[in-house]
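In: Kindly generate the corresponding structure for this input.
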Amino acid sequence: MSLLEHIASPADLKTLSRAQLKDVADELRQYILDSVARTGGHLASNLGVVELTVALHRVFDTPEDRIVWDVGHQTYAHKILTGRRERMHSLRQTDGLSGFPKREESPYDAFVAGHSSTSISAALGMAVAARLKGEERRVVAVIGDGAMTAGMAFEALNNAGAMDANLLVILNDNDMSISANVGALNSYLTKLLSGRFYNNLRSRGEKILATLPPIHELAKRAEEHLKGMVTPGTLFEEFGFNYLGPIDGHDLDALIPTLSNIRALQGPQFLHVVTRKGKGYDFAEANPCLYHGVGKFEVAKGVAPKTSARPTYTEVFGQWLCDMAEADARLVGITPAMSEGSGLIEFSKRFPERYFDVGIAEQHALTFAAGLACEGQKPVVAIYSTFLQRAFDQLIHDVALQNLPVLLAIDRAGLVGADGPTHAGAFDLSFLRCIPNMLIATPSDENECRCLLTTAYRYDGPSAVRYPRGIGPGASLSTTLEAFPVGRGVLRRTGANTALLVFGAPLNAALQAADALDMSVADMRFVKPLDRELLRQLALSHTRLVTVEENAIMGGAGAAVAEALADMGITIPLLHLGLPDRFVEHGDPALLIARVGLDATGIERSLRAWV
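Out: You can find the predicted model right below:
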């Protein structure tokens, strides 16, 4: 039996020798690799954080001590060590383990984290709460170098450094190599600087030197220069943290004593560790971007190249972006650190001077786009629906208020399957349509997506085109940059009595249900401006109306229809089909759509029950 099989909780790690812990780390890395190969999931980030996870659970008394993981796609080792090893086969599967920390899933999951850069704020709140309650709890925030590009992380650092809270921030830096100065000498210095002797001496010296201001300032500068010879920590020291590192994040002999020393220190501490994404798996080390999120694959062969001839909606957008950039030199493409996921790789290669990856900074992305638009450029912001939520204020204040021509290409609209509620695009129609000046389009197939992107791009004001993850129904793509009339839908099927008004992806399912029940179907295309003339015609020629959307029913496209009918003085029975007033959990995409009643069978069942 392997050592890993004996680990039922972090307490078991405390009984093992340092050599045994290294064996556990090796077994853990292989277990993650085998598990993700069977289920799909985030791989490179999890392989890179194995030793750090082992060290944290060895040193800290979890779950009493809190570990807050940033983003959360680096928690597979954490899940395995905290009693969930036997359930890893269900990772990201329907009714299985979440791919992210989940408080309902385990007491060891201190905070839900699907978006980045939240860990320091949440951990600070926990640390202050412990102080207020008189508890000796320790709180650790583990944040990656990518997540440190977000303003929220620096807002939290600025606040934390001014508080007397026992908070440890660990910067998991996986974007730099372990160079000569991040080796044995620096690990030794970090252990020395984190020890009680040095910190007691430092504390006492500060008290004495504080009475002698000139000498105190000289000593402070001398210490900063000494640290600056081997560390890049001056910035974090200025925030009020005691900076330590960088050290090798794969070296348990450096990690464990350093963390042990830090655990005994008071006040805000900052530890810089350097890790390698994909550590231990050659394919992932060579291409960590490709192995960030993967489907099922064979470990010996690696991830197979895409074989489907049908483009995804993301690929349709990427091709359209390049075509429009060829036609209009004013176009600029912006992404908040989601170049591959949003389909901008080809654009970045062909138009590098017009491509801007602004880092994990959604708020900045929108205001940066607004500034470009003010000067006559035509910004296209490629962003996931779930991440657009973070830039709501900037969209209102900086873009819409000034009626600037910024196009939002909103990927991952609706349910997203295995990533679950943290990544679902369930609310964008609801929060977008209340904003003045907005154009909002909902394509139902690949060609509509291309044409509506062109329509929105040519609109003289803020616009949004939202499309789902994955492939569409297989519509043939136009080779031109065709645009549709703004605010005009089309009647796809004529039937009797009941008309379905469909917004976007559920169109095919609605058509199947309507075929079975002889009902009319309208592809509305636009949520704003709504096609009021088509709506009036359908309301006057039918006895019932049904709205269908893959968005929250509350405040969504169906609500827009109800408001328009009321404004026109038309009273007619109206049924809304969409996402329920709850967070839809992770799982197989088709099964989730069926569970919320938006597949053909579910729509037909709802219609039969209603009519």
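In: from here on, contacts and neighbour counts on C-alpha atoms
Out: OK.
In: need the longest strand for the chain.
Out: Looking across the chain with DSSP state E, the single longest strand is strand 544-552.
In: Tell me the helix or strand right after that strand.
Out: Heading C-terminal from strand 544-552, the first helix or strand you meet, by DSSP states H and E, is helix 557-568.
In: From the contact counts, what lies against the very next helix or strand once past that following helix?
Out: Toward the C-terminus, helix 557-568 is succeeded by strand 574-579 as the next helix or strand (DSSP H and E). For strand 574-579, the packing partners by 3 or more Cα pairs under 8 Å, 6 or more residues apart in numbering; DSSP states H and E come out as strand 544-552, helix 557-568.
In: what comes into contact with strand 574-579?
Out: Contact with strand 574-579 is made by 426, 544-553, 558, 562, 596-598, 603, as judged by Cα atoms under 8 Å, 6 or more residues apart in numbering.
In: Tell me which residue lies nearest the centroid of this structure.
Out: Residue closest to the mean C-alpha point of the chain, counted by Cα atoms, centre = their mean, is residue 115 at 4.0 Å.
In: Do you know the pLDDT at the residue lying closest to it once chain neighbours are set aside?
Out: Excluding its sequence neighbours, the residue lying closest to residue 115 (Cα to Cα, 6 or more residues apart in numbering) is residue 71, at 5.1 Å. The per-residue pLDDT reported for residue 71 equals 81.
In: what secondary structure does residue 71 sit in?
Out: Per DSSP: H, G, I helix; E, B strand; the rest coil, the secondary structure class of residue 71 is coil.
In: neighbours around it, how many?
Out: 22 (other Cα atoms under 10 Å).
In: Would you enumerate the residues in contact with it?
Out: Counted by Cα under 8 Å, 6+ apart, residue 71 has contacts 100, 113-119, 143, 147.
In: how about a cut-off of 6 Å?
Out: 113-116 (Cα atoms under 6 Å, 6 or more residues apart in numbering).
In: cool, and residue 530?
Out: residue 487.
In: Would you mind measuring from it to residue 311?
Out: Going from residue 530 to residue 311 by Cα to Cα, to the nearest Å gives 29 Å.
In: cool, residue 373 as well?
Out: 30 Å.
In: for residue 415, same thing?
Out: In terms of Cα to Cα, residue 415 sits 19 Å off from residue 311.
In: Neighbour count for the two, which is higher?
Out: Using other Cα under 10 Å as the criterion, residue 415 and residue 311 rank with residue 415 on top: 26 against 17.
In: Give me the neighbour count for the spatially closest residue to the more buried one that is not a sequence neighbour.
Out: Excluding the flanking residues, the one nearest residue 415 by Cα to Cα, 6+ apart is residue 424, at 4.9 Å. Residues near residue 424, counting by other Cα under 10 Å, number 27.
In: Could I get the contacting residues of residue 424?
Out: 414-416.
In: Closest one to residue 403 out of the residues you listed, please.
Out: residue 414 (26.5 Å; Cα to Cα).
In: Next, count neighbours for that closest one.
Out: Residue 414: 28 neighbours (other Cα under 10 Å).
In: and the gap between it and residue 472?
Out: 13 Å.
In: now swap in residue 565 and tell me
Out: In terms of Cα to Cα, residue 565 sits 31 Å off from residue 472.
In: same check, this time on residue 52
Out: If you go by Cα to Cα, the gap between residue 52 and residue 472 works out to 41 Å.
In: For these two, indicate the residue with more neighbours.
Out: residue 52 (27 against 19).
In: ok, that one to residue 491 distance?
Out: 58 Å.
In: same question, residue 32
Out: Distance from residue 32 to residue 491, by Cα to Cα: 50 Å.
In: Looking at the two, which is more packed in?
Out: Taking residue 32 and residue 491 together and counting by other Cα under 10 Å, residue 32 has the greater number of neighbours (21 against 15).
In: wait, is that one part of a helix?
Out: Yes - counting by three-state DSSP, residue 32 is located in a helix.
In: got any ranges where the stretch 251-400 of the chain has weak pLDDT?
Out: 307-308 (pLDDT under 70).
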